[in-house]
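>>> for reference, the sequence and a predicted model appear below.
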Amino acid sequence: MIAKVLEYGNWSDWNLIKKLYGLETIKEISLNLRSLDAITLSYLAALFSVDKKEFRGYKNRQLVQNSWNSWNSWKK
């Protein structure tokens with residue numbers, strides 16, 4: 001549920017999960033999520049004072065090549 005709220009929820013959803021689970025639980029879960037959009041990742045990194053590189057979603061984003069970049073490297 002936390003992952004869905006982080007990806008698709010609005011501010012009232014955020015406040016609800018914060019009240020239900022607490023920031024520490026949200027931090028633990030968010031650090032291990034495979035995908036987070038850039039805005040959510042930046043917000044959580046600032047909120048928890050954690051470097052973006054600590055998030056699994058950030059690491060996965062770096063590993064996945066953009067198809068446009070793949071095409072350009074193939075043409076060369």
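Structure received. Numbers count the residues shown, from 1 in each chain.

>>> what sits against the residue sitting nearest the centre point of the chain?
The centre of the chain sits closest to L36, judged by C-alpha atoms, centre = their mean, with a distance of 2.5 Å. Counting by C-beta atoms under 8 Å, 6 or more residues apart in numbering, L36 touches 6-7, 30, 44, 55, 57-58. From N, CA and C alone the C-beta is placed, and that goes for glycine too.

>>> could you dump those to a markdown table with neighbour count and secondary structure?
Formatted as a markdown table, the contacts of L36 follow (neighbours: other C-beta atoms under 10 Å; DSSP: H, G, I helix; E, B strand; the rest coil):
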| residue | neighbour count | secondary structure |
| --- | --- | --- |
| L6 | 23 | helix |
| E7 | 12 | helix |
| S30 | 23 | helix |
| L44 | 20 | helix |
| F55 | 23 | coil |
| G57 | 22 | helix |
| Y58 | 18 | helix |
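
>>> and the two most separated of the residues you listed?
Across the contacts of L36, no pair lies farther apart than E7 and Y58, at 14.6 Å, counting by C-beta to C-beta.

>>> what comes up buried for stretch 41-53?
41, 44-45, 48, 52 (16 or more other C-beta atoms under 10 Å).
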